[in-house]
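Visitor: Turn this into a model:
(4 chains)
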There are 2 protein chains.
Amino acid sequence: MANMNSALMALADPTRRAVFECVGQSPRSVGEIAGGLPVSRPAVSQHLKVLKDAGLVRDRADGARRIYFVDPKGLEPLREWLDRFWGDALEAYAREIEKQNQEKGGRS
Amino acid sequence: MANMNSALMALADPTRRAVFECVGQSPRSVGEIAGGLPVSRPAVSQHLKVLKDAGLVRDRADGARRIYFVDPKGLEPLREWLDRFWGDALEAYAREIEKQNQEKGGRS
DNA sequence: ACAGAATGTAAGTGATAACTTACGGTAAGT
DNA sequence: ACTTACCGTAAGTTATCACTTACATTCTGT
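Guide: Residues are numbered from 1 along each chain as shown, chains lettered A, B, ... in the order given. Now for the predicted structure:
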């Protein structure tokens, strides 16, 4: 998929986000990632599959191992959505606070 | 809570994100929000509670109605995390691609 | 005071997701 | 060729989540 929805769903789970951040520090194998987390290796493998389907990570072969590394492109849709929403939210919030102040001052 | 984890979990659900974006366009009541979505009004109420606990929206009384509006502060932790991770990811990705090119060129 | 509107909450249900163990497949070393 | 290491996937279980209907509460207007 690799759209914003799949990226958000993938990053929502704390364990999976820990996997993502671990891979973000430096490219690592599945066993290395699982070694630093309180879950089994297959669990990490499944998390990596979700992250890969979301376009957040990619992998390459290294002998019998598989090295995973982050793909910044996967974060781009999320960044764009957040930036756009951020601007609108700031404006709307300013208008809302102004409205509340008017209500306070204008009451009988 | 109002940390990054709760914000991500709250925004992961498509319906709840639709509620969030609807409120983001302009402050609205619960009934107005539910009118534009294919779910019941109590469902919207529950989604708003999650968004409120995550610090993403706030509400004010308006007679018998409740007007909900976005709070940009709720998005701030998520923005900071994403910006920081974005920079690291770009560097790491550049190193990774460089390494892959070296492997290609350096093979016997 | 009463009727109606708007909302929050409780209870129950179906689906989904995260995790485990068990198994199959591929690559490296002896 | 055989063993070992590393990984992905299937099957099953448990918990959580999103949704619905039913009910309680608060506010407004008559």
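Visitor: Quick check: the gap between residue A:78 and DNA strand D.
Guide: Residue A:78 sits 18 Å away from DNA strand D, going by CB to the nearest atom of the strand, to the nearest Å. Backbone N, C-alpha and C define where each C-beta goes, glycine included.
Visitor: now do residue A:44
Guide: 7 Å.
Visitor: Would you enumerate the residues in contact with that residue?
Guide: Shown in contact with residue A:44 (CB atoms under 8 Å, 6 or more residues apart in numbering or on different chains): A:19, A:30, A:33-34, A:37.
Visitor: which one of the residues you listed sits closest to DNA strand D?
Guide: residue A:30 (3.8 Å; CB to the nearest atom of the strand).
Visitor: thought that closest one was touching residue A:62?
Guide: No. Between residue A:30 and residue A:62 there is no contact under CB atoms under 8 Å: 11.0 Å.
Visitor: would you list every one of the strands in chain A?
Guide: Ranges of strands in chain A, per DSSP state E, are A:28-29, A:57-62, A:65-70.
Visitor: pLDDT weak spots in chain A?
Guide: Within chain A, the stretches with pLDDT under 70 are A:1, A:103-108.
Visitor: which bits of it sit near DNA strand D?
Guide: Within chain A, the positions lying close to DNA strand D (CB under 7 Å from any atom of the strand) are A:29-32, A:41-42, A:45-46, A:48-49, A:59, A:64-66.
Visitor: ok, which pair from those is furthest apart?
Guide: Pairwise distances across the residues of chain A next to DNA strand D peak at 19.5 Å for A:46 and A:64 (criterion: CB to CB).
Visitor: Between these two, which has more neighbouring residues?
Guide: Applying other CB atoms under 10 Å in any protein chain shown to residue A:46 and residue A:64 shows that residue A:46 carries more neighbours, namely 14 against 6.
Visitor: Against DNA strand D, how distant is residue A:80?
Guide: 23 Å.
Visitor: where's residue A:71 relative to residue B:100, distance?
Guide: From residue A:71 across to residue B:100, the span is 13 Å (CB to CB, to the nearest Å).
Visitor: tally of neighbours for the residue in chain A that chain B sits nearest to?
Guide: Here chain A gets closest to chain B at one residue, residue A:12, 3.6 Å apart by CB to the nearest CB. Residues lying near residue A:12 (other CB under 10 Å) number 18.
Visitor: Tell me which residues of the longest helix belonging to chain A come out buried.
Guide: In chain A, assigned by DSSP state H, the helix with the most residues is helix A:76-105. Residues A:77-79, A:81-82, A:85, A:89, A:92-93, A:96 are the ones in helix A:76-105 that count as buried (16 or more other CB atoms under 10 Å in any protein chain shown).
Visitor: Are that helix and chain B in contact anywhere?
Guide: Yes. Helix A:76-105 comes into contact with chain B (CB under 8 Å from any CB of the partner chain), by way of A:78-79, A:82, A:85-86, A:88-90, A:92-93, A:96, A:100.
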